[in-house]
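Visitor: model the following, please.
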Amino acid sequence: QVQPVESGGGLVQAGGSLRLSCTASTSTFSINRMAWYRQAPGKQRELVAVASNGGNTNYADSVKGRFTISRDEAKNTVYLQMNNLKPEDTGVYYCNVIALPMWSSHTRDFWGQGTQVTVSS
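Guide: You can find the predicted model right below:
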């Protein structure tokens, strides 16, 4: 199995910064992609940023220029540097991992437990 564990959430004022981390522990899967999603109260979970193998990254339009995703493939760790935070960035941030088991050609999807980010105005 793969167990993503997030850290780094908290309360920050608008304009401030936070850095989230997620480490995915596994000995039987090869990780293909790590991503961050978020879910605001009363809203659907949305994709924030993606880091695929080889250094490819993608961002939601709402965070482009403010958030940076980076990944340490050797450590199975992904980071999300969030700058110039806005109240609308408030939500629970989830780490998502897509990984390939050693015994199969089908990837699987794993989620962390989430970390709360609150941005006050």
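
Visitor: name the residues that touch stretch 114-121?
Guide: Applying Cβ atoms under 8 Å, 6 or more residues apart in numbering, the contact partners of stretch 114-121 are 6-14, 16, 18, 20, 38-39, 82, 85-94. (C-beta placed from N, C-alpha, C; glycine too.)

Visitor: give me the buried subset of those.
Guide: 6, 8-9, 12, 18, 20, 38, 82, 85, 89-94 (16 or more other Cβ atoms under 10 Å).

Visitor: farthest-separated two in those residues?
Guide: Farthest pair in those (Cβ to Cβ) is Val12 and Tyr94. Separation: 18.4 Å.

Visitor: against Thr118, how distant is Gly16?
Guide: Computed with Cβ to Cβ, to the nearest Å, the distance linking Gly16 and Thr118 is 11 Å.

Visitor: so the residue nearest the centre of the chain: helix, strand or coil?
Guide: In the chain, the residue lying closest to the centroid (Cα atoms, centre = their mean) is Trp36, at 2.3 Å. For Trp36, the assignment made with DSSP: H, G, I helix; E, B strand; the rest coil gives strand.

Visitor: just the ones of the buried ones among the contacts of stretch 114-121 in helices?
Guide: Within those, no residue falls in helices by DSSP state H.

Visitor: now do the strands in this protein.
Guide: Per DSSP state E, the chain carries strands over the ranges 3-7, 10-13, 18-25, 29-39, 46-52, 57-59, 67-72, 77-82, 91-101, 108-111, 115-120.
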